[in-house]
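Undergrad: have a look at this prediction, sequence included:
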Amino acid sequence: MKRTLISISGMILCSFLALTLGAQERSRATSPAQEGQNSHAMGSSPCAWWATPAVGNPLVQKKDVNSDTDIGAIVNGLRSSGFTCGVFVIESTGSRNSYSTFQKLLDATKDTNIKLWVVIIPPSEGADSLPYRSDYVAWSRALAKLSLKYKNFRGFNIDDIDQDISLKTFTRDYVCKIYRAKMAINPRLLFVPTVYDLDRSVADRLAGCVDGAWLWWVNLEKSTGLPSFLENSRLATEGRFPIYGGVYAHWTSWHGVKEGNPKPDVFQEFLEDSCKYSDGAIIWQLSLAPDDPLLTVTKTFLPGGSSPYAGKCGMNASSAKR
(Lines give C-alpha, C1' and ligand atoms only; values in the text may rest on other atoms or scores of the structure.)
Protein backbone atom coordinates (compact mmCIF):
# COMPACT_ATOMS: atom_id res chain seq x y z
CA MET A 1 0.00 0.00 0.00
CA LYS A 2 2.83 2.37 0.90
CA ARG A 3 4.60 1.61 -2.41
CA THR A 4 1.30 2.24 -4.24
CA LEU A 5 0.90 5.64 -2.58
CA ILE A 6 4.51 6.53 -3.44
CA SER A 7 3.90 5.42 -7.03
CA ILE A 8 0.75 7.54 -7.30
CA SER A 9 2.53 10.52 -5.76
CA GLY A 10 5.37 10.08 -8.24
CA MET A 11 2.94 9.98 -11.14
CA ILE A 12 1.26 13.17 -9.92
CA LEU A 13 4.64 14.87 -9.52
CA CYS A 14 5.73 13.81 -13.02
CA SER A 15 2.47 15.08 -14.51
CA PHE A 16 2.88 18.40 -12.69
CA LEU A 17 6.46 18.75 -13.90
CA ALA A 18 5.42 17.93 -17.47
CA LEU A 19 2.69 20.57 -17.41
CA THR A 20 5.06 23.12 -15.88
CA LEU A 21 7.79 22.44 -18.43
CA GLY A 22 5.24 22.61 -21.25
CA ALA A 23 3.99 25.97 -20.02
CA GLN A 24 7.56 27.24 -19.72
CA GLU A 25 8.30 26.08 -23.26
CA ARG A 26 5.24 27.89 -24.63
CA SER A 27 6.21 30.96 -22.63
CA ARG A 28 9.70 30.93 -24.17
CA ALA A 29 8.07 30.79 -27.60
CA THR A 30 6.37 34.14 -26.98
CA SER A 31 8.25 37.01 -28.62
CA PRO A 32 10.09 39.29 -26.17
CA ALA A 33 8.77 42.27 -28.16
CA GLN A 34 5.25 41.16 -27.27
CA GLU A 35 5.71 41.39 -23.52
CA GLY A 36 3.60 44.19 -22.08
CA GLN A 37 2.35 45.33 -25.51
CA ASN A 38 -1.22 45.78 -26.67
CA SER A 39 -2.13 42.69 -28.68
CA HIS A 40 -4.07 44.92 -31.10
CA ALA A 41 -0.89 46.36 -32.55
CA MET A 42 -2.55 47.32 -35.83
CA GLY A 43 -5.13 49.44 -34.09
CA SER A 44 -8.78 48.99 -33.21
CA SER A 45 -10.10 49.71 -36.71
CA PRO A 46 -9.22 48.21 -40.12
CA CYS A 47 -5.80 49.06 -41.53
CA ALA A 48 -5.79 50.25 -45.15
CA TRP A 49 -3.39 48.67 -47.63
CA TRP A 50 -4.56 51.19 -50.17
CA ALA A 51 -4.63 50.78 -53.92
CA THR A 52 -2.04 52.97 -55.64
CA PRO A 53 -4.11 55.71 -57.32
CA ALA A 54 -3.97 55.73 -61.10
CA VAL A 55 -3.51 58.92 -63.07
CA GLY A 56 -6.92 60.56 -63.35
CA ASN A 57 -7.95 59.45 -59.86
CA PRO A 58 -9.08 62.43 -57.72
CA LEU A 59 -6.28 61.64 -55.25
CA VAL A 60 -3.57 62.08 -57.89
CA GLN A 61 -2.59 65.65 -58.68
CA LYS A 62 0.34 64.94 -61.01
CA LYS A 63 1.61 62.10 -63.18
CA ASP A 64 4.65 61.82 -60.93
CA VAL A 65 3.23 59.80 -58.06
CA ASN A 66 6.51 60.20 -56.17
CA SER A 67 5.84 63.91 -55.80
CA ASP A 68 5.21 65.51 -52.43
CA THR A 69 1.82 66.67 -53.75
CA ASP A 70 0.68 63.10 -54.36
CA ILE A 71 2.04 61.86 -51.05
CA GLY A 72 0.13 64.66 -49.38
CA ALA A 73 -3.00 63.64 -51.27
CA ILE A 74 -2.71 60.05 -50.03
CA VAL A 75 -2.17 61.23 -46.46
CA ASN A 76 -5.20 63.50 -46.78
CA GLY A 77 -7.19 60.59 -48.19
CA LEU A 78 -6.32 58.43 -45.17
CA ARG A 79 -7.01 61.22 -42.68
CA SER A 80 -10.27 62.40 -44.25
CA SER A 81 -11.59 58.84 -44.20
CA GLY A 82 -10.58 58.39 -40.56
CA PHE A 83 -7.83 55.79 -40.91
CA THR A 84 -5.19 55.51 -38.22
CA CYS A 85 -3.24 52.73 -39.94
CA GLY A 86 -1.87 52.35 -43.46
CA VAL A 87 0.17 49.79 -45.42
CA PHE A 88 2.77 50.61 -48.10
CA VAL A 89 4.50 48.04 -50.32
CA ILE A 90 8.10 48.63 -51.40
CA GLU A 91 8.91 47.71 -54.98
CA SER A 92 11.74 48.79 -57.29
CA THR A 93 13.69 52.05 -57.18
CA GLY A 94 12.11 54.72 -59.34
CA SER A 95 8.63 53.23 -59.11
CA ARG A 96 5.75 54.90 -57.34
CA ASN A 97 6.32 52.41 -54.51
CA SER A 98 10.06 52.87 -53.95
CA TYR A 99 11.88 52.80 -50.63
CA SER A 100 12.54 56.53 -50.92
CA THR A 101 8.81 57.16 -51.44
CA PHE A 102 8.08 55.24 -48.26
CA GLN A 103 10.54 57.41 -46.34
CA LYS A 104 8.80 60.53 -47.68
CA LEU A 105 5.47 59.08 -46.60
CA LEU A 106 6.81 58.43 -43.11
CA ASP A 107 7.97 62.02 -42.91
CA ALA A 108 4.59 63.27 -44.12
CA THR A 109 2.71 61.28 -41.45
CA LYS A 110 5.11 61.69 -38.51
CA ASP A 111 2.95 64.36 -36.87
CA THR A 112 -0.36 62.58 -37.51
CA ASN A 113 -2.09 59.70 -35.72
CA ILE A 114 -1.47 57.40 -38.70
CA LYS A 115 0.77 54.40 -38.04
CA LEU A 116 2.46 52.89 -41.08
CA TRP A 117 3.40 49.33 -42.03
CA VAL A 118 5.60 48.33 -44.93
CA VAL A 119 5.50 45.19 -47.08
CA ILE A 120 8.58 43.54 -48.62
CA ILE A 121 8.15 41.36 -51.72
CA PRO A 122 8.98 37.61 -51.23
CA PRO A 123 10.85 35.28 -53.64
CA SER A 124 7.56 33.81 -54.88
CA GLU A 125 6.66 37.26 -56.23
CA GLY A 126 10.08 38.17 -57.61
CA ALA A 127 11.83 39.57 -54.53
CA ASP A 128 12.09 42.92 -56.30
CA SER A 129 11.89 45.25 -53.29
CA LEU A 130 14.97 47.45 -53.62
CA PRO A 131 17.64 48.00 -52.52
CA TYR A 132 18.07 44.71 -50.58
CA ARG A 133 15.92 42.38 -52.71
CA SER A 134 15.97 38.89 -51.12
CA ASP A 135 18.35 39.73 -48.28
CA TYR A 136 15.58 39.90 -45.70
CA VAL A 137 17.97 40.12 -42.77
CA ALA A 138 19.42 43.27 -44.35
CA TRP A 139 15.88 44.58 -44.79
CA SER A 140 15.16 43.89 -41.14
CA ARG A 141 18.24 45.84 -40.02
CA ALA A 142 17.58 48.78 -42.36
CA LEU A 143 13.92 49.09 -41.41
CA ALA A 144 14.72 48.84 -37.70
CA LYS A 145 17.20 51.72 -38.05
CA LEU A 146 14.60 53.75 -39.95
CA SER A 147 12.02 53.09 -37.23
CA LEU A 148 14.28 54.75 -34.66
CA LYS A 149 13.77 58.01 -36.55
CA TYR A 150 10.03 57.64 -37.18
CA LYS A 151 7.90 56.65 -34.21
CA ASN A 152 4.89 56.25 -36.51
CA PHE A 153 6.63 53.34 -38.27
CA ARG A 154 4.88 50.45 -36.54
CA GLY A 155 6.08 47.33 -38.30
CA PHE A 156 7.03 45.41 -41.43
CA ASN A 157 5.59 42.47 -43.29
CA ILE A 158 7.13 39.99 -45.72
CA ASP A 159 4.38 38.88 -48.06
CA ASP A 160 3.40 35.27 -48.75
CA ILE A 161 6.15 33.47 -46.82
CA ASP A 162 4.30 30.16 -47.17
CA GLN A 163 3.80 30.24 -50.94
CA ASP A 164 5.76 28.28 -53.59
CA ILE A 165 9.55 28.87 -53.43
CA SER A 166 9.14 31.28 -50.52
CA LEU A 167 8.45 28.33 -48.25
CA LYS A 168 12.00 27.05 -48.88
CA THR A 169 13.48 30.45 -48.09
CA PHE A 170 11.62 31.17 -44.88
CA THR A 171 12.66 28.26 -42.71
CA ARG A 172 12.30 28.69 -38.98
CA ASP A 173 16.01 29.40 -38.72
CA TYR A 174 15.85 32.18 -41.31
CA VAL A 175 12.66 33.70 -39.89
CA CYS A 176 14.37 33.83 -36.50
CA LYS A 177 17.42 35.55 -38.02
CA ILE A 178 15.15 38.21 -39.51
CA TYR A 179 13.47 38.66 -36.15
CA ARG A 180 16.71 38.86 -34.17
CA ALA A 181 18.13 41.44 -36.59
CA LYS A 182 15.39 43.97 -35.85
CA MET A 183 15.29 43.07 -32.15
CA ALA A 184 18.95 44.00 -31.79
CA ILE A 185 18.22 47.51 -33.09
CA ASN A 186 14.62 48.34 -32.16
CA PRO A 187 12.42 45.75 -30.41
CA ARG A 188 9.43 48.08 -30.76
CA LEU A 189 9.36 47.59 -34.53
CA LEU A 190 7.08 44.62 -35.20
CA PHE A 191 7.70 41.80 -37.67
CA VAL A 192 4.38 40.33 -38.88
CA PRO A 193 4.62 38.18 -42.06
CA THR A 194 1.78 36.97 -44.31
CA VAL A 195 0.50 33.38 -44.29
CA TYR A 196 -2.57 31.74 -45.83
CA ASP A 197 -2.84 28.73 -43.54
CA LEU A 198 -2.05 28.56 -39.86
CA ASP A 199 -2.07 25.09 -38.35
CA ARG A 200 0.01 23.87 -35.40
CA SER A 201 3.11 23.14 -37.50
CA VAL A 202 3.09 26.65 -39.01
CA ALA A 203 2.49 28.20 -35.59
CA ASP A 204 5.42 26.24 -34.14
CA ARG A 205 7.64 27.41 -37.01
CA LEU A 206 6.81 31.07 -36.35
CA ALA A 207 6.35 31.24 -32.58
CA GLY A 208 9.03 33.23 -30.78
CA CYS A 209 10.32 34.73 -34.02
CA VAL A 210 7.38 36.87 -35.15
CA ASP A 211 5.19 39.49 -33.48
CA GLY A 212 2.07 38.22 -35.20
CA ALA A 213 0.78 37.03 -38.58
CA TRP A 214 -1.43 38.45 -41.31
CA LEU A 215 -3.79 35.61 -42.21
CA TRP A 216 -5.70 36.08 -45.46
CA TRP A 217 -9.15 34.77 -46.40
CA VAL A 218 -9.05 34.11 -50.15
CA ASN A 219 -12.72 33.44 -50.90
CA LEU A 220 -14.11 36.67 -52.39
CA GLU A 221 -17.61 35.30 -52.92
CA LYS A 222 -18.70 34.37 -49.39
CA SER A 223 -17.62 34.46 -45.76
CA THR A 224 -18.96 31.03 -44.83
CA GLY A 225 -16.22 29.28 -42.87
CA LEU A 226 -14.26 32.43 -42.01
CA PRO A 227 -15.12 32.43 -38.28
CA SER A 228 -13.96 28.82 -37.82
CA PHE A 229 -10.91 29.48 -40.02
CA LEU A 230 -9.83 32.28 -37.67
CA GLU A 231 -10.81 30.50 -34.46
CA ASN A 232 -8.97 27.30 -35.40
CA SER A 233 -5.90 29.33 -36.33
CA ARG A 234 -5.99 31.03 -32.93
CA LEU A 235 -6.16 27.63 -31.25
CA ALA A 236 -3.07 26.57 -33.19
CA THR A 237 -1.05 29.55 -31.96
CA GLU A 238 -1.92 28.82 -28.30
CA GLY A 239 -1.68 32.54 -27.60
CA ARG A 240 1.96 32.73 -28.66
CA PHE A 241 1.34 35.55 -31.15
CA PRO A 242 -1.67 37.52 -32.43
CA ILE A 243 -3.45 36.96 -35.74
CA TYR A 244 -4.72 39.76 -37.96
CA GLY A 245 -7.41 38.93 -40.51
CA GLY A 246 -6.62 39.87 -44.10
CA VAL A 247 -9.57 41.05 -46.22
CA TYR A 248 -9.51 41.62 -49.99
CA ALA A 249 -11.13 44.71 -51.52
CA HIS A 250 -10.08 43.81 -55.06
CA TRP A 251 -10.10 40.76 -57.33
CA THR A 252 -7.02 38.58 -57.12
CA SER A 253 -4.95 36.52 -59.55
CA TRP A 254 -6.76 33.33 -58.55
CA HIS A 255 -10.23 34.77 -59.18
CA GLY A 256 -9.79 36.72 -62.41
CA VAL A 257 -11.30 39.95 -63.64
CA LYS A 258 -14.73 38.54 -64.56
CA GLU A 259 -15.66 37.84 -60.96
CA GLY A 260 -14.65 41.38 -59.98
CA ASN A 261 -14.29 42.84 -56.51
CA PRO A 262 -16.21 41.53 -53.49
CA LYS A 263 -19.79 42.70 -53.24
CA PRO A 264 -20.27 45.37 -50.54
CA ASP A 265 -22.53 43.20 -48.35
CA VAL A 266 -20.10 40.25 -48.50
CA PHE A 267 -17.16 42.59 -47.89
CA GLN A 268 -18.94 43.85 -44.78
CA GLU A 269 -19.28 40.27 -43.53
CA PHE A 270 -15.53 39.75 -44.08
CA LEU A 271 -14.75 42.78 -41.93
CA GLU A 272 -17.24 41.82 -39.22
CA ASP A 273 -15.80 38.32 -38.89
CA SER A 274 -12.19 39.55 -38.96
CA CYS A 275 -12.91 42.16 -36.30
CA LYS A 276 -14.75 39.64 -34.13
CA TYR A 277 -12.52 36.58 -34.43
CA SER A 278 -9.01 38.02 -34.87
CA ASP A 279 -6.87 40.73 -33.26
CA GLY A 280 -7.53 43.20 -36.07
CA ALA A 281 -8.05 43.56 -39.81
CA ILE A 282 -6.02 44.61 -42.87
CA ILE A 283 -7.74 45.49 -46.16
CA TRP A 284 -5.82 44.85 -49.40
CA GLN A 285 -6.13 47.19 -52.37
CA LEU A 286 -8.72 49.46 -50.81
CA SER A 287 -9.51 52.45 -53.01
CA LEU A 288 -9.38 55.82 -51.25
CA ALA A 289 -11.63 57.37 -53.88
CA PRO A 290 -14.49 59.00 -51.93
CA ASP A 291 -17.24 57.32 -54.00
CA ASP A 292 -15.87 53.78 -53.78
CA PRO A 293 -18.58 51.50 -52.26
CA LEU A 294 -16.08 49.35 -50.35
CA LEU A 295 -14.53 52.46 -48.79
CA THR A 296 -18.05 53.46 -47.72
CA VAL A 297 -18.46 50.08 -46.00
CA THR A 298 -15.02 50.37 -44.38
CA LYS A 299 -15.82 53.79 -42.91
CA THR A 300 -18.60 52.21 -40.84
CA PHE A 301 -15.86 50.27 -38.99
CA LEU A 302 -13.74 53.33 -38.24
CA PRO A 303 -14.13 55.34 -35.01
CA GLY A 304 -17.57 56.97 -34.96
CA GLY A 305 -18.93 54.59 -37.62
CA SER A 306 -22.24 52.75 -37.46
CA SER A 307 -20.86 49.19 -37.18
CA PRO A 308 -20.94 47.50 -33.73
CA TYR A 309 -17.20 47.01 -34.30
CA ALA A 310 -16.48 50.67 -35.10
CA GLY A 311 -13.23 51.47 -33.32
CA LYS A 312 -13.41 48.09 -31.58
CA CYS A 313 -11.93 45.76 -34.20
CA GLY A 314 -10.13 42.88 -32.52
CA MET A 315 -11.33 43.80 -29.06
CA ASN A 316 -13.80 40.92 -28.71
CA ALA A 317 -11.31 38.21 -29.62
CA SER A 318 -9.56 36.51 -26.74
CA SER A 319 -6.28 38.40 -26.74
CA ALA A 320 -3.04 36.60 -27.38
CA LYS A 321 -1.21 36.04 -24.10
CA ARG A 322 1.57 38.49 -23.42
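TA: Everything's here; your move.

Undergrad: which ones are touching Ser274?
TA: Pro46, Trp217, Leu226, Leu230, Tyr244, Gly245, Gly246, Val247, Gly280, Ala281, Cys313 (C-beta atoms under 8 Å, 6 or more residues apart in numbering). (Each C-beta comes from the backbone N, C-alpha and C, glycine too.)

Undergrad: phi and psi next, for the third one.
TA: Translated: Leu226. Backbone geometry at Leu226, expressed as degrees, to the nearest 10, gives phi -60, psi -40.

Undergrad: can you pull out the strands in the stretch 151-300 of the chain?
TA: Assigned by DSSP state E, counting those that start in this stretch, the stretch 151-300 of the chain shows strands spanning 153-158, 190-191, 194-195, 213-216, 243-248, 281-286.

Undergrad: export the ones you listed to a markdown table and tack on mean pLDDT?
TA: Compiled in a markdown table, the strands of the stretch 151-300 of the chain are given as follows (pLDDT from 0 to 100):
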| stretch | mean pLDDT |
| --- | --- |
| strand 153-158 | 98 |
| strand 190-191 | 98 |
| strand 194-195 | 98 |
| strand 213-216 | 98 |
| strand 243-248 | 97 |
| strand 281-286 | 96 |
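
Undergrad: would you format the ones you listed as a markdown table with distance to Ala73 included?
TA: What follows is the strands of the stretch 151-300 of the chain, written out as a markdown table (distance: least, C-beta to C-beta, whole Å):
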| stretch | distance to Ala73 |
| --- | --- |
| strand 153-158 | 21 |
| strand 190-191 | 27 |
| strand 194-195 | 27 |
| strand 213-216 | 26 |
| strand 243-248 | 24 |
| strand 281-286 | 15 |
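
Undergrad: my guess is Asn186 contacts Ala142, does it?
TA: No - taking contacts as C-beta atoms under 8 Å, Asn186 lies outside contact range of Ala142: 11.4 Å.

Undergrad: what's the neighbour count on the closest residue in space to Cys85 that isn't next to it in sequence?
TA: In this structure, Cys85 finds its nearest non-sequential neighbour in Cys47, 3.6 Å apart by C-beta to C-beta, 6 or more residues apart in numbering. Residues lying near Cys47 (other C-beta atoms under 10 Å) number 27.

Undergrad: quick check: phi and psi on Cys47?
TA: Here the main-chain torsion angles of Cys47 (degrees, to the nearest 10) amount to phi -100, psi 130.

Undergrad: repeat for the one 4 residues further on
TA: The phi and psi torsions at Ala51 (degrees, to the nearest 10) take the values phi -80, psi 130.

Undergrad: give the contact list for it.
TA: Taking C-beta under 8 Å, 6+ apart as the definition of contact, the neighbours of Ala51 are Ala249, His250, Gln285, Leu286, Ser287, Leu288.

Undergrad: list the contacts of Pro303.
TA: Ser44, Ser45, Gly82, Thr84, Ala310, Gly311.

Undergrad: how close does Tyr179 get to Asp128?
TA: Per C-beta to C-beta, to the nearest Å, Tyr179 is found 23 Å from Asp128.

Undergrad: and for Ser92?
TA: Here the distance between Ser92 and Asp128 works out to 5 Å (C-beta to C-beta).

Undergrad: try Thr298
TA: 29 Å.

Undergrad: those two: which has the busier surroundings?
TA: Set side by side, Thr298 and Asp128 show more neighbours around Thr298, with 28 against 14, by other C-beta under 10 Å.

Undergrad: please give me every residue in contact with the nearest residue to the more buried one once chain neighbours are set aside.
TA: The spatial neighbour of Thr298 that comes closest, neighbours along the chain excluded (C-beta to C-beta, 6+ apart), is Pro46 at 5.8 Å. With contact set as C-beta under 8 Å, 6+ apart, Pro46 has these partners: 83, 85, 247, 271, 274-275, 280-283, 298, 301-302, 313.

Undergrad: now Cys47
TA: Phe83, Cys85, Gly86, Val87, Trp117, Tyr244, Gly280, Ala281, Ile282, Ile283.

Undergrad: and the helix or strand containing the fifth one, what does it pack against?
TA: Just to be clear, that refers to Trp117. Applying DSSP states H and E as the criterion places Trp117 in strand 115-120. Where contact means 3 or more C-beta pairs under 8 Å, 6 or more residues apart in numbering; DSSP states H and E, strand 115-120 is packed against strand 85-90, helix 99-109, helix 136-149, strand 153-158.

Undergrad: list the beta-bridge partners for the most centrally placed residue in the chain.
TA: Nearest to the centroid of the C-alpha atoms of the chain, with distances taken as C-alpha atoms, centre = their mean, sits Trp214, at 3.9 Å. In this structure, Trp214 has beta-bridge partners Thr194, Tyr244, where bridges are defined by DSSP bridges.
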